[in-house]
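[1] turn this into a model:
(one chain, ligands or ions: 2)
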Amino acid sequence: MNEDIDWGSLPFGYYPTDYNVRCAFRDGKWGPIEVTKSDTVNIHMAATALHYGQEIFEGLKAFRGVDGKIRIFRWEENAKRIRQSAEGLLMEPIPEEIFKEMCVQAVKLNERFIPPYGTGASLYIRPLEIGMSARVGVKEADEYLFIVMVTPVGPYFKGGFKNTNICIMREYDRVAPQGTGRFKCGGNYAASLTAGHKAHSLGYSAVLYLDPKEKKYLDECGPANFYAIKDGKYITPKSDSILPSITNMSLMTLAREMGMEVEQRHITVDELEECSEAAACGTAAVCSPIGEIDDLDTGKKYIMSKDGKPGPVTTKFYNTLNAIRLGEVPDTHGWNLIVE
Ligand code: PLP
Ligand code: COI
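    Ligands and ions are numbered 1, 2, ... in the order given. Down below sits the predicted model:
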């Protein structure tokens, strides 16, 4: 246990840990997994990661459960998704078993940084892959470095599980219609920084992007997916330009089990008028309730919470998801990997 950390007030930020694990792809094959204490990377100045954005990453979490056991949530889905991201950016996909082994090793080696049960914090696992070959012409690398680092984190949005406001802005797109939105690559986040900065400076926690082609339908919510509750149904955008969120996928399963209908479809901005709840969902965001959605271009305000409190459905999702990940209720879907 690391006595110096105030677990209850951890932000969602980088806190140095003891080790990270690495694996290099060279001469057509992945090499051995290496453990290091170094938190820097030695990289060629002409590497494709630096010039042409060959960088992909993932985000998943490990938890200390009620029974003292360590659980990693749905790693298989992150392994699948990083394969799709690799294929999308012509990078070398990491085999699932190496991905798993590296996540497990990174968690075990940094066990003293796993927040204790009951603190609300978790150990964020951040796998990333970068193109290492020197190129000046625009071409993919043939050497890659895969790293798994971990860091203890608190809630993504300030204040934890409470409402925040978000805004709709048509001035910027995060991604192109047939672009890289469904992949988890650094470039998408670079493209979101200006809009995010503007939203934050106006007091909003995130931008609710519209579809980049027609600007008619709801798309991604900052670094998270979006869902709303309409007539008791769970509705969430269907779009080729959003990242398929594993949290959203999990909530859709929980919603069906709670007897709700689930619709993954185009959602127009006007429909927000008829929604009784909305939230941003993702590994970092869990499910972060939204109080109000302001359309900066029309001046229209969509009120998602009349009493200023998180809605009943989102509260239930949040509690259920946490209970599963903390081992408080049976893991009926086999979502947790218990790290022995
Ligand atoms: N959308 C974006 C742009 C994200 O960065 C994330 C975070 O990973 C998500 C959605 C949520 O995905 P997940 O629930 O798999 O973490
Ligand atoms: C996540 O939820 O894991 C994310 O990647 C969001 C963000 C911190 C990039």
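
[2] OK, contacts around the residue nearest to residue 121 when sequence neighbours are not counted?
    Nearest residue to residue 121 in three dimensions, chain neighbours excluded: residue 115, at 3.5 Å (Cβ to Cβ, 6 or more residues apart in numbering). (C-beta placed from N, C-alpha, C; glycine too.) Applying Cβ atoms under 8 Å, 6 or more residues apart in numbering, we find residue 115 in contact with 5, 7, 10, 64, 121-123, 152.

[3] CSV for these, including pLDDT and secondary structure?
    Formatted as CSV, those follow (pLDDT from 0 to 100; DSSP: H, G, I helix; E, B strand; the rest coil):
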residue, pLDDT, secondary structure
5, 92, coil
7, 94, helix
10, 94, coil
64, 98, strand
121, 95, coil
122, 97, strand
123, 98, strand
152, 98, strand
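
[4] and those, which is closest to ligand 2?
    residue 122 (11.0 Å; Cβ to the nearest ligand atom).

[5] quick check: bridge partners of the spatially closest residue to that closest one that is not a sequence neighbour?
    Computed as Cβ to Cβ, 6+ apart, the closest residue to residue 122 that is not its neighbour in sequence is residue 61, at 4.5 Å. In this entry, residue 61 is beta-bridged to residue 124, by DSSP bridges.

[6] so residue 61 touches residue 125, yeah?
    Yes - contact criterion Cβ atoms under 8 Å: residue 61 and residue 125 qualify, at 6.5 Å.

[7] those two: which has the busier surroundings?
    residue 125 (25 against 21; other Cβ atoms under 10 Å).

[8] got a pLDDT number for that one?
    Per-residue pLDDT puts residue 125 at 98.

[9] what's around the nearest residue to residue 271 once chain neighbours are set aside, how many residues?
    What sits nearest to residue 271 in space, not counting adjacent residues and going by Cβ to Cβ, 6+ apart, is residue 230, at 6.7 Å. By the measure other Cβ under 10 Å, the count of residues near residue 230 is 19.

[10] who touches the residue in the stretch 51-200 of the chain that ligand 1 sits nearest to in this structure?
    Closest residue of the stretch 51-200 of the chain to ligand 1, Cβ to the nearest ligand atom: residue 59 (4.6 Å). By Cβ under 8 Å, 6+ apart, residue 59 lies in contact with 78, 124-126, 184, 282-284.

[11] make it 10 Å
    78, 124-128, 153, 184, 223, 246, 282-284 (Cβ atoms under 10 Å, 6 or more residues apart in numbering).

[12] which of these are close to ligand 1?
    By Cβ under 6 Å from any ligand atom, the members of the contacts of residue 59 lying near ligand 1 are 223, 246, 282-283.

[13] from the residues you listed, which land in helices?
    Mapping the ones next to ligand 1 among the contacts of residue 59 onto helices (DSSP state H) picks out residue 246.

[14] pull the most distant pair out of the ones next to ligand 1 among the contacts of residue 59.
    223 and 246 (13.5 Å; Cβ to Cβ).

[15] give me the more crowded residue out of these two.
    For residue 223 versus residue 246, neighbours defined as other Cβ under 10 Å are more numerous around residue 246 (24 against 20).

[16] thought residue 73 was touching that one, still the case?
    Yes - under the criterion of Cβ atoms under 10 Å, residue 246 makes contact with residue 73 at 8.1 Å.

[17] quickly list what's touching both of the two.
    With Cβ under 10 Å, 6+ apart, residue 246 and residue 73 have common neighbours 60, 283, 335.

[18] quick one: contacts for the second one?
    For residue 283, the contacting residues are 58-61, 73-74, 78, 122, 124-126, 153, 156, 223-224, 245-247, taking Cβ under 10 Å, 6+ apart as the criterion.

[19] so which bits of the stretch 151-300 of the chain are right by ligand 2?
    So the stretch 151-300 of the chain meets ligand 2 at 223, 282-284 (Cβ under 6 Å from any ligand atom).

[20] what mean pLDDT does stretch 325-340 get?
    97.

[21] list the buried residues of that stretch.
    For stretch 325-340, the buried set under the neighbour-count rule, 16 or more other Cβ atoms under 10 Å, comprises 325-327, 331, 335-337, 339.

[22] turn the residues you listed into CSV, including distance to residue 238 and secondary structure.
    Listed next are those as CSV, based on distance: Cβ to Cβ, whole Å; DSSP: H, G, I helix; E, B strand; the rest coil:
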residue, distance to residue 238, secondary structure
325, 26, helix
326, 31, coil
327, 33, coil
331, 28, coil
335, 23, coil
336, 28, strand
337, 29, strand
339, 34, strand
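
[23] the protein: helices as residue ranges?
    48-51, 75-88, 96-109, 186-190, 193-201, 246-257, 312-325.

[24] re the thing from before, any idea how far residue 189 is from the residue of the stretch 51-200 of the chain closest to ligand 1?
    Here the criterion is Cβ to Cβ, to the nearest Å. By it, residue 59 lies 11 Å from residue 189.

[25] pull up the overlap in contacts between these two.
    residue 223.
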